[in-house]
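Q: take a look and give me a structure for this.
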Amino acid sequence: MSQLSNLNVNSYSNDRERIDMTFPNGDVRQVLPGTSILEIARSVGTSLGKNAVAARLNGRIVDLSESVQESASLEILLPADADSLPVFRRSAAALLAHAVKRLYGVDSAVRLGDSQIVKDGFYYEFDLPSALSAEDLPIIEREMRKIAEENVPLRSRKISREEALSLFQGRNELYKVERIKESSDNAELRIYEQGEFVDLCDEPLLPSLHRLKAFKLLSVAGAYWKGDSERPVLQRIQGSAFPRKEQLDEHLQLLEEAKKRDHRKLGRELKLFMFSDEAPGMPFFLPNGMKLRTELEDFSRRIQLRSGYDEVRSPFMMNRRLWEESGHWDHYKDNMYFSEVDDEAFALKPMNCPGHMLMYKNELRSYRDLPIRMMEFGQVHRHEYSGALNGLMRVRTFCQDDAHLFVLPNQIEDEIGKVMDLIDRMYLVFGFDYRIELSTRPEDSMGSEELWDEAENALRHVLEDRGVAYVLNEGDGAFYGPKIDYHVLDALGRSWQCGTIQLDFQMPEKFDLSYVGEDGGKHRPVVIHRAIYGSIDRFIGILIEHYAGAFPLWLAPIQVRVLPVSAHYDDYAFEVRKILRDAGIRVEADVSGNKLGYKMRAAQQDKVPYVFVVGEKERESGSVNVRRYNGDEQVLMSLDEAVGALLAEQQINV
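A: Numbers count the residues shown, from 1 in each chain. This next block holds a predicted model:
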């Protein structure tokens, strides 16, 4: 708890009516209207006043300079409170802007853009007369520390929209003026002032930037103003900040580990995939990467076929009228690629669902046929801005492990439960923990509110009936239905959105899907959209970083490398390789002629799970000397015993 445990009730001689501040522990403190929250914190205790970061007033996070006017609930936030972290980062962003203005802002040469708090830190965008580089970041950081040490008071106040326009027009802050004009005519805006520096900020900052000690600038890159490629390119400086130095050090260590695990770096080193300017954002899977990808697909295929799914394949490109019928034309055309065939407009599919709707409609269906579960490893194409492309994590073409379940209304909850069990079993194989979000109706949704309410309630009921903890993500559903999203946690604790379950009453209406019911009449099925990996390409990128490229045996592109101690034993190495290949093990022999120590280091760098060293003793006894990746121990085993151990280890029990 961020309060002192025992608060005394103030006793004022002033005749003015006092108001009650109720703290989380139930204690009440009486103050005069107009008292600032900082004054209240100081009156409780010197330590609390000194360490206070912000406050929660009637559930709303506010600045310590905020004055209270009526009785309310109040919680003083301290550095250790979770809601304090954004305050530190927002304050660091303001300090960054102040430093950049001071260093480069002669004759209004610096114009302030947007500032945002992001998952691991903050960024601020600037319109500057010349480009910055990574070498400039330490200079800016030193200036930030200098300003913080000056401890100039940081003051906030609210001004009218007209005052704000006049203030920022006078300072030639074009981007701030644009933001002010977007606000409502009667809006009051909050500004912060520190010496010569002035900025807009609706959210609270620290009472003093002198308290900022643990921050670090990390990168600088170009970014379109408002993310619009038609607007100017600003320079985005990104950094991170924490209340304590130990937290920052831990975060920077995590970033260093993440760099080592970067799937783009490991993808090159392990020869898994490549990119080319001839196909921006479209990965080329090399032999090693294709082996990994095939294992993932085969694993998923086996599990799904055993679970009652039927595999299908739909065309990559279909007529525009299909996308108009499905609703994608109205809601998704800006992300699609188009072509003309025989004087008609066609589109590369961004999703697999319309093709599956046509397959369902291809024949008469009875209620006895349902549920029908169609699965497809479908290649889709979606346009992404070049600046957003990021290795396998953000591409323009990828493979979805898509499925569509056509179900009776009374089968919805049971089928969703089975999908959840399937996802849980598969994620367990990779060692993933996960959290679940329920995403509801977005602004650009299609269909009636009644159908949306029915779909949302069905998903909510499934989650609550199964006792599943979930976070509500309002307004983030697909345009055709609400969804359950799975966010997996990798070895570094980072969250990645992968699996999804979407409930759809809209597509069956759009495509006039039906089945013959028990009463002989036509009825409408319900569609469940489902993906487990999500994008197989992206899932591979996540796995590369999760395992740091050292895949478990069943996934490793090369499972064993045979190393002859000299060229005299190349023939035996080839014999061992053949026996392993015949057993279904992915193996190669290093007969490069290099010394054994070099071959061992190369196998270690390539993260091969096992090396089999062979020489005279091994050839004579029909054995191999086995060494595991990152292990020091070498074990002499008969070849049959080694093969049996490998086959047993790569078995997956799901």
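Q: can you list the weak-confidence ranges in this protein?
A: Residue ranges of the chain with pLDDT under 70: 1-16, 106-107, 654.
Q: can you give me the domain assignment for it?
A: According to automatic domain parsing, the chain comprises the domains 19-78, 85-259, 273-546, 560-649.
Q: centre of the chain to the shortest one, how far?
A: Looking back up the chat, that one is domain 19-78. Its chain's average C-alpha position is 36 Å from that of domain 19-78, according to Cα atoms, centre = their mean, to the nearest Å.
Q: do you know which of the domains of the chain lies nearest residue 265?
A: domain 85-259 (7.6 Å; Cβ to Cβ). Just so you know, the C-beta spots here come from the backbone N, C-alpha and C atoms, and that holds for glycine as well.
Q: okay, the domains of the chain in JSON lines with distance to residue 265 and mean neighbour count next?
A: Formatted as JSON lines, the domains of the chain follow (distance: least, Cβ to Cβ, whole Å; neighbours: other Cβ atoms under 10 Å):
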{"stretch": "domain 19-78", "distance to residue 265": "38", "mean neighbour count": "17"}
{"stretch": "domain 85-259", "distance to residue 265": "8", "mean neighbour count": "17"}
{"stretch": "domain 273-546", "distance to residue 265": "9", "mean neighbour count": "17"}
{"stretch": "domain 560-649", "distance to residue 265": "13", "mean neighbour count": "17"}
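Q: residue 552: which of these is closest?
A: With respect to residue 552, and counting by Cβ to Cβ, the nearest of those is domain 560-649 at 7.7 Å.
Q: with distance to residue 553 added, can I get the domains of the chain in a markdown table?
A: Converted to a markdown table, those look like this (distance: least, Cβ to Cβ, whole Å):
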| stretch | distance to residue 553 |
| --- | --- |
| domain 19-78 | 48 |
| domain 85-259 | 23 |
| domain 273-546 | 11 |
| domain 560-649 | 5 |
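Q: out of the ones you listed, nearest to residue 266?
A: domain 273-546 (5.3 Å).
Q: roughly how far does residue 309 sit from residue 371?
A: Distance, residue 309 to residue 371, using Cβ to Cβ, to the nearest Å: 10 Å.
Q: and residue 85, by the same measure?
A: Plainly put, residue 85 is 45 Å away from residue 371 if you go by Cβ to Cβ.
Q: now residue 226
A: Here residue 226 is placed at a distance of 45 Å from residue 371 (Cβ to Cβ).
Q: try residue 392
A: 33 Å.
Q: helix, strand or coil for residue 554?
A: coil (DSSP: H, G, I helix; E, B strand; the rest coil).
Q: my guess is it contacts residue 652. True?
A: Yes: Residue 554 is within contact range of residue 652, at 5.9 Å (criterion: Cβ atoms under 8 Å).
Q: name the residues contacting each of the two.
A: Common neighbours of residue 554 and residue 652, using Cβ atoms under 8 Å, 6 or more residues apart in numbering, are residue 299.
Q: spell out the secondary structure type for the spatially closest residue to residue 534 that is not a sequence neighbour.
A: Using Cβ to Cβ, 6 or more residues apart in numbering and skipping the chain neighbours, the partner closest in space to residue 534 is residue 498 (4.4 Å). Assigned by three-state DSSP, the conformation of residue 498 is strand.
Q: now for residue 498: which residues touch it?
A: Applying Cβ under 8 Å, 6+ apart, the residues near residue 498 are 434, 486, 487, 488, 531, 532, 533, 534, 538, 539, 542.
Q: gap between the helix or strand that contains residue 298 and the chain center?
A: Using DSSP states H and E, residue 298 sits in helix 287-306. Put simply, helix 287-306 sits 24 Å off its chain's centre (Cα atoms, centre = their mean).
Q: paired strands for the helix or strand following that helix, with orientation please.
A: Per DSSP H and E, the first helix or strand lying C-terminal to helix 287-306 is strand 310-311. With DSSP bridges as the test, strand 310-311 is paired with strand 372-381 (parallel).
Q: now the strand it pairs with and helix 287-306, what's the angle there?
A: 160 degrees (axes from the mean of the first three to the mean of the last three Cα atoms, to 10 degrees).
Q: in space, what's closest to residue 326 - neighbours in sequence excluded?
A: residue 354 (4.3 Å).
Q: ok, now which ones touch that neighbour?
A: 318, 322, 323, 325, 326, 328, 507, 511.
Q: and if you look at residue 517?
A: 367, 523.
Q: ok, it to residue 450 distance?
A: For residue 517, the distance to residue 450 - Cβ to Cβ - is 21 Å.
Q: same check, this time on residue 431
A: Taking Cβ to Cβ, one finds residue 431 at 42 Å from residue 450.
Q: next one: residue 428
A: 38 Å.
Q: and the residue most central in space within the chain, what does it touch?
A: Residue closest to the mean C-alpha point of the chain, counted by Cα atoms, centre = their mean, is residue 496 at 4.3 Å. Taking Cβ under 8 Å, 6+ apart, we find residue 496 in contact with 487, 488, 489, 490, 538, 542.
Q: test my guess that the fifth one contacts residue 393.
A: Yes: shown here, residue 538 and residue 393 form a contact pair, counting by Cβ under 8 Å, at 5.6 Å.
Q: pretty sure residue 491 sits against residue 546.
A: Yes: between residue 491 and residue 546 there is a contact at 5.1 Å, judged by Cβ under 8 Å.
Q: okay, and the common contacts of these two?
A: With Cβ under 8 Å, 6+ apart as the test, residue 491 and residue 546 both reach residue 431.
Q: could the C-alpha coordinates of stretch 243-262 be exported in PDB?
A: This file holds the C-alpha atoms of stretch 243-262, laid out as PDB (Å, rounded to 0.1, in the frame of the first residue of the first chain):
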ATOM      1  CA  PRO A 243      12.300   4.800 -10.900                       C
ATOM      2  CA  ARG A 244      15.500   3.000  -9.900                       C
ATOM      3  CA  LYS A 245      18.800   2.400 -11.500                       C
ATOM      4  CA  GLU A 246      18.700  -1.300 -10.800                       C
ATOM      5  CA  GLN A 247      15.500  -1.600 -12.800                       C
ATOM      6  CA  LEU A 248      17.100   0.200 -15.800                       C
ATOM      7  CA  ASP A 249      20.300  -1.900 -15.600                       C
ATOM      8  CA  GLU A 250      18.100  -5.100 -15.600                       C
ATOM      9  CA  HIS A 251      16.200  -3.700 -18.600                       C
ATOM     10  CA  LEU A 252      19.300  -2.900 -20.600                       C
ATOM     11  CA  GLN A 253      20.700  -6.300 -19.800                       C
ATOM     12  CA  LEU A 254      17.500  -7.800 -21.200                       C
ATOM     13  CA  LEU A 255      17.900  -5.700 -24.400                       C
ATOM     14  CA  GLU A 256      21.400  -7.000 -24.800                       C
ATOM     15  CA  GLU A 257      20.100 -10.600 -24.500                       C
ATOM     16  CA  ALA A 258      17.300  -9.700 -27.000                       C
ATOM     17  CA  LYS A 259      20.000  -8.500 -29.500                       C
ATOM     18  CA  LYS A 260      21.800 -11.800 -29.200                       C
ATOM     19  CA  ARG A 261      18.500 -13.600 -29.900                       C
ATOM     20  CA  ASP A 262      17.400 -11.300 -32.700                       C
END
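Q: and it, how far out from the chain middle?
A: 18 Å.
Q: for stretch 559-579, same thing?
A: 44 Å.
Q: and the contacts of it?
A: 553, 580, 585-591, 593, 596, 599-600, 603, 606, 608-616, 618-619, 624, 639, 643, 646, 650.
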